[in-house]
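J.: Attaching a predicted model along with its sequence, questions to come.
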Amino acid sequence: MDFIRESGILLHPTSLPGNYGVGSLGPEARNFVDMLESMGQRLWQVLPMGPTGYGDSPYQSFSTFAGNHLLISFDQLVKDKLLNPQRLKDFPRFHADRVNYGRVIPARMKVLRSVCRTFERKASGGRLRAYRKFCKENADWLDDYALFLSIKEAYGGGPWVKWPKELAQREPAALNRARRQYGTSIRNVKILQYLFFDQWTRLQHYAHKKGIRIIGDIPIFVAHDSADVWANPELFFVDAEGQPIVVAGVPPDYFSATGQLWGNPLYRWDVHRNQDFAWWIARMRKVFELYDIVRIDHFRGFEAYWEIPAHEKTAINGRWIPGPGEALFDEMIKQLGPLPIIAEDLGIITPPVEALRDKFHFPGMRVLQFAFGNDGKAHDYRPENYPPNCVVYTGTHDNDTTVGWFWSKAGDGSTRTHEEIERERQMILDYLGTDGHEIHWDMIRLALQSNANMAVLPMQDLLGLDSKARMNVPGRPGGNWQWRFTWNQVTPEIVTRMRDLTLESKRTH
């Protein structure tokens, strides 16, 4: 579907300011919405909101349906009289500009468990009814997820393929014993999921009142160590023990000379097709409840995906396999209606991928950082070549910040040589007619004034931050997803300048 001319900011809620180690869905998130409104923005884009596992990546979640309980706001719980503020008196102090997940997660879970212990006693009658209604309406995924997480905790957090065989293979008698044995933990998981979705829904309503729409994000594939694969192994290429047979990734590209080996199990699309794509329909129905628009990461995988044997150590030795194509989206439209989807169409994009995207009028992505280098599609990423039905970004969560990218050196998170970087830098200066001292504003202006209907700018670029504020370096196993901003970085001059540029480019309504 075609979108109107507007703009917004890319910021994951973990990057919001706040006192308890990580951004959350409470007052600071509302303050961010207010800031967007004051700058004339109409979009807030987030990363996937599921519970994170190894490496803290939002793209490797324990469930594609569940919410990340780490984002539950303590301030909101206090306001709702579900948390005694005395419980927060001894909460550890953390750095304001980084998330130390190793310390933050146990500290926050201690508080959240205390909320679960007293939930039935402190919750109002209306809230208890809402909780029971939530559990009933979401039972198709929530029951499996709560059981999955409870068993995982009981076995030291290990992957489900390492659990006792009767649990890994979901033998009914063993699952019934586990439900009785881990009843308290299962209840706690359900309470936290209710609290997450309750807070998210209220934040969503607040954003809508301010004229802000939320762009969500889902990875095309799910994590192997997830309730999704454990509960539905027949939908994935896993063997009798649950181990992946083939896995997902991409061939060598801009970011890596050996490609990216993601390791996600691949879908048995023939089984999905025989079930009228029921699992995918349920997944998309859920995400459309949470978001106004949904970006699907690695859209090209619907046309063809890179299949890598599970024993491989890199993504080099893979092959392209046909995906479900039009049939999946035809079924989605049939059951869900119009699809407000953004197609992440970066990387190796062929004419059939473009045809699939365009058949359903999904806007693709244009990244300005790819417009000046040796990318094979650099010509298409130049603003003068944009179709209206696309979304322009200065950079994405996988890119360096604009300032960091402009001043980068060879080997810093990309495959570019020193000569290529210098040539690219000079090309940018010539194209923009600038000396580069405010390169982030130069690129923001370029994005906003482009022909693209939608322009989305990472918060780091708005603030003019360097590589220290980068959100993710693809292929790096740790140290990602940690960046947070602080309110003192958002000066009145930044707000005014962004509002003026947005008005000039006719992106506010």
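T.: Here it is on my side, so go on.

J.: For the rest of this, base every contact and every neighbour count on C-alpha atoms.
T.: Noted.

J.: where does the stretch 251-400 of the chain dip in pLDDT?
T.: 254-255, 375 (pLDDT under 70).

J.: ok, I342 touching V294?
T.: Yes - counting by C-alpha atoms under 8 Å, V294 is a contact partner of I342 at 6.0 Å.

J.: Is D217 within a helix or a strand, and which one?
T.: Assessed by DSSP states H and E, D217 sits inside strand 213-219.

J.: and that strand, which strands flank it?
T.: Using DSSP bridges, strand 213-219 pairs in its sheet with strand 43-45 (parallel), strand 293-297 (parallel).

J.: so of these, which one's packed in deepest?
T.: With neighbours defined as mean count of other C-alpha atoms under 10 Å, those peak in mean count at strand 43-45, which reaches a mean of 24.

J.: what's the spacing between the nearest residue to P309 once chain neighbours are set aside and Y305?
T.: Spatial nearest neighbour of P309, excluding adjacent residues (C-alpha to C-alpha, 6 or more residues apart in numbering): V246 at 4.5 Å. V246 is 11 Å from Y305, where distance means C-alpha to C-alpha, to the nearest Å.

J.: ok, now which ones touch the residue nearest to G67 when sequence neighbours are not counted?
T.: Excluding its sequence neighbours, the residue lying closest to G67 (C-alpha to C-alpha, 6+ apart) is G50, at 4.5 Å. The contact partners of G50, taken as C-alpha atoms under 8 Å, 6 or more residues apart in numbering, are P58, S61, F62, S63, T64, F65, A66, G67, N68.

J.: ok, the last one to H509 distance?
T.: Look at N68 and H509: by C-alpha to C-alpha, they are 33 Å apart.

J.: who has more neighbours, these two?
T.: More crowded of N68 and H509, by other C-alpha atoms under 10 Å: N68, with 21 against 10.

J.: What separation is there between that one and P58?
T.: 9 Å.

J.: Name the residues contacting each of the two.
T.: Taking C-alpha under 8 Å, 6+ apart as the criterion, N68 and P58 both touch M49, G50, P51, T52.

J.: Go through those residues and say which is closest to R382.
T.: Each of the shared contacts of N68 and P58 was scored against R382 by C-alpha to C-alpha, and M49 proved nearest at 31.2 Å.

J.: per-residue confidence for the closest one?
T.: Looking at M49, its pLDDT is 97.

J.: So it, which state does it fall into?
T.: Secondary structure state of M49, per DSSP: H, G, I helix; E, B strand; the rest coil, is coil.

J.: try I342
T.: strand.

J.: List the buried residues in the helix ranked longest in the chain.
T.: Secondary structure of the chain per DSSP state H: the longest helix is helix 183-209. Within helix 183-209, the residues that count as buried by 16 or more other C-alpha atoms under 10 Å are 185-201, 203-204, 206-207.

J.: Which residue, neighbours along the chain excluded, lies closest to V229?
T.: Nearest residue to V229 in three dimensions, chain neighbours excluded: F236, at 7.0 Å (C-alpha to C-alpha, 6+ apart).

J.: Could you pull up phi and psi at the one you found?
T.: Here is the backbone geometry of F236 (degrees, to the nearest 10): phi -130, psi 160.

J.: Check the spacing between it and P244 real quick.
T.: Taking C-alpha to C-alpha, one finds F236 at 8 Å from P244.

J.: Need the residues touching each of those two.
T.: With C-alpha under 8 Å, 6+ apart, F236 and P244 have common neighbours P265.

J.: Those two: who's more crowded?
T.: The residue with more neighbours, out of F236 and P244, is F236; 25 against 20, by other C-alpha under 10 Å.

J.: That one touches R268, doesn't it?
T.: Yes - counting by C-alpha under 8 Å, R268 is a contact partner of F236 at 5.1 Å.

J.: what do those two both touch?
T.: Contacts common to F236 and R268, judged by C-alpha under 8 Å, 6+ apart, are absent.

J.: Show the contacting residues for V22.
T.: Shown in contact with V22 (C-alpha under 8 Å, 6+ apart): T14, S15, L16, L70, L71, V99, V104, R484.

J.: same thing with H12?
T.: Q45, V46, L47.

J.: Looking at the residues you listed, spot the one nearest K81.
T.: Nearest to K81 among these, with distances taken as C-alpha to C-alpha, is V46, at 28.2 Å.

J.: Could you report the separation of the nearest residue to that closest one once chain neighbours are set aside from N84?
T.: Take V46 and drop its neighbours on the chain: the residue closest to it by C-alpha to C-alpha, 6+ apart is H12, 4.6 Å away. H12 sits at a distance of 28 Å from N84 (criterion: C-alpha to C-alpha).

J.: Then A96?
T.: When A96 is compared with N84 (using C-alpha to C-alpha), they lie 23 Å apart.

J.: that older thread, measure the residue nearest to V46 to N317 for me?
T.: Look at H12 and N317: by C-alpha to C-alpha, they are 34 Å apart.

J.: again, but for V246
T.: Distance of V246 to N317, computed by C-alpha to C-alpha: 11 Å.

J.: Same drill for those two, tell me which one is more crowded.
T.: Neighbour totals were compared for V246 and N317, and V246 leads with 22 against 14 (other C-alpha under 10 Å).

J.: my read: that one touches E307, true?
T.: Yes - with contact defined as C-alpha under 8 Å, V246 counts as touching E307 (6.2 Å).

J.: Now the common contact residues for those two.
T.: Joint contacts of V246 and E307 (C-alpha under 8 Å, 6+ apart) are L266.

J.: F236: what's it in contact with?
T.: Listed by C-alpha under 8 Å, 6+ apart, the contact partners of F236 are V229, P265, L266, Y267, R268.

J.: Recalculate using a threshold of 10 Å.
T.: 222, 224, 228-230, 242, 244-247, 264-269, 271-272 (C-alpha atoms under 10 Å, 6 or more residues apart in numbering).

J.: Also P340?
T.: Contacts of P340 (C-alpha under 10 Å, 6+ apart): 1-3, 215, 288, 291-295, 361-363.

J.: Could you measure from the residue nearest to V46 over to H205?
T.: Between H12 and H205 the computed distance is 18 Å (C-alpha to C-alpha).

J.: likewise I308?
T.: Distance of I308 to H205, computed by C-alpha to C-alpha: 42 Å.

J.: next one: Q489
T.: Noted for Q489: a distance of 27 Å to H205, by C-alpha to C-alpha.

J.: ditto for M49
T.: Distance from M49 to H205, counting by C-alpha to C-alpha: 17 Å.
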